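**Student:** Sequence first, predicted model second:
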Amino acid sequence: MTGTPVPPAPASVLTLVRGRSDRLRRLMGGLARQSVSPRELVIAWMQPERAPDLPDPGCHVRHLHVSGEPMPLAAARNRAAEAASGDLLVFLDVDCIPSPGLVAAYADAARAERGLFLGEVLYLPPDAAGGGLDPATLDRLGRAHPARPPVPASGLRREPDAGQLWGLSFALPAEAWRAVGGMDETYVGYGGEETDLAARLAEAGLPTFWVAGARAYHQHHPVHVPPLQHFSAILANASRFRARHGRWCMTYWLDQFRAAGLIAWHAEAPAIRLLRSPSADEIAAALRPDALFS
């Protein structure tokens, strides 16, 4: 005698891809193991062709293509959200493998509250994901980001700072996304668009919650510390955020740029004064192949 099948959650999982097809395949493998399947997976390809031989994620898959340079992160998320049919939008970075309970945890949260939902992300060391998708192994190898607060042991915990949103894993009602107009596509290149979205959602009255059980595992890739390869975009997007919200975002990186003698800036400053741009040698020296966190 078989049990009653669990119906899919009214959730669309959305991810953005440029390269990293191996990471996408592991993300899809994680979706195939969900205790509650999503309604669909929406893949926004920031490249001309989709990757071949993709695995079955256990749900319907929608594909769309978003062109633009540099990587059109805000536009790609907006196009993916427009294509999604679910009542709940679950944004999952292509580097993330969802734990088996991720979709169910986000869906349960959305039934309990109307909010912006944040899930835990554990960072994996190099080559960890190559050994398979066993959650117990990934739990053992993964490390929490030192700047992130711990998630609750069960249920939800209200988070007063909507700026805790990072784009690796989060969810919110589709109608809340539409009400604020999605992400602002004037943020070009890396940085700021997620914090801007969180600020506008908070201003619209949407509370933020940490969600127990919505764990994802971040597949390792080399990082720059600080992210000098995104220097110009971070300055432009931080300035755009301050002009809109009256405060700075990405202050941790701005502090690092100041310490390196690249900018004159402080938290109360009305603007960033560029002293010099990083050299190619400085950008190369900032690369940390084994670092887990940027």
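**Tutor:** Looks like it arrived, so ask away.
**Student:** From residue 126, how far off is residue 18?
**Tutor:** Computed with C-beta to C-beta, to the nearest Å, the distance linking residue 18 and residue 126 is 21 Å. Quick note: C-beta positions are derived from backbone N, CA and C, even for glycine.
**Student:** I meant to write residue 168 there.
**Tutor:** Distance, residue 168 to residue 126, by C-beta to C-beta: 18 Å.
**Student:** show me where the stretch 151-294 of the chain has strands.
**Tutor:** 156-159, 169-173, 208-218, 223-224, 263-264, 273-274, 287-288 (DSSP state E, counting those that start in this stretch).
**Student:** Export the ones you listed to CSV and append columns for distance to residue 14, mean neighbour count and mean pLDDT.
**Tutor:** Compiled in CSV, the strands of the stretch 151-294 of the chain are given as follows (distance: least, C-beta to C-beta, whole Å; neighbours: other C-beta atoms under 10 Å; pLDDT from 0 to 100):
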stretch, distance to residue 14, mean neighbour count, mean pLDDT
strand 156-159, 21, 16, 98
strand 169-173, 10, 25, 98
strand 208-218, 14, 23, 97
strand 223-224, 23, 18, 90
strand 263-264, 34, 16, 98
strand 273-274, 35, 11, 98
strand 287-288, 29, 13, 91
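**Student:** can I get the ones you listed in TSV with distance to residue 195?
**Tutor:** Putting the strands of the stretch 151-294 of the chain into TSV (distance: least, C-beta to C-beta, whole Å) gives the following:
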stretch	distance to residue 195
strand 156-159	14
strand 169-173	12
strand 208-218	12
strand 223-224	19
strand 263-264	19
strand 273-274	21
strand 287-288	23
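**Student:** do you know which of the ones you listed lies nearest residue 143?
**Tutor:** Closest of those to residue 143 is strand 208-218, at 9.5 Å (criterion: C-beta to C-beta).
**Student:** on contacts alone, who are the packing partners of that closest one?
**Tutor:** Packed against strand 208-218 by the contact rule (3 or more C-beta pairs under 8 Å, 6 or more residues apart in numbering; DSSP states H and E) you find strand 96-98, helix 102-112, strand 116-123, strand 156-159, strand 169-173, helix 193-203.
**Student:** Pretty sure residue 87 sits against residue 8.
**Tutor:** No: taking C-beta atoms under 8 Å as the definition, residue 87 is not a contact partner of residue 8, at 11.6 Å.
**Student:** Give me the contacts around the longest helix along the chain.
**Tutor:** Looking across the chain with DSSP state H, the single longest helix is helix 231-245. If you take C-beta atoms under 8 Å, 6 or more residues apart in numbering as the criterion, helix 231-245 is touched by 70, 186-193, 195-196, 199, 227, 247-250, 253-254, 257, 262-263, 270-272, 274, 277-278, 283.
**Student:** Just the ones of these in helices?
**Tutor:** Going by DSSP H, the helices hold 193, 195, 196, 199, 253, 254, 257, 283 from the contacts of helix 231-245.
**Student:** State the distance from the fifth one to residue 86.
**Tutor:** Translated: residue 253. For residue 253, the distance to residue 86 - C-beta to C-beta - is 33 Å.
**Student:** go on, the third one?
**Tutor:** Between residue 196 and residue 86 the distance, using C-beta to C-beta, works out to 23 Å.
**Student:** repeat for the first one
**Tutor:** For residue 193, the distance to residue 86 under the criterion C-beta to C-beta works out to 22 Å.
**Student:** These two - which one has more neighbours?
**Tutor:** residue 193 (26 against 22; other C-beta atoms under 10 Å).
**Student:** for the more buried one, what are its contacts?
**Tutor:** Residues near residue 193 by C-beta under 8 Å, 6+ apart: 73, 74, 183, 184, 187, 237.
**Student:** List just the nearest of the residues you listed to residue 173.
**Tutor:** Out of the contacts of residue 193, the member with the shortest distance to residue 173 (by C-beta to C-beta) is residue 183, at 15.6 Å.
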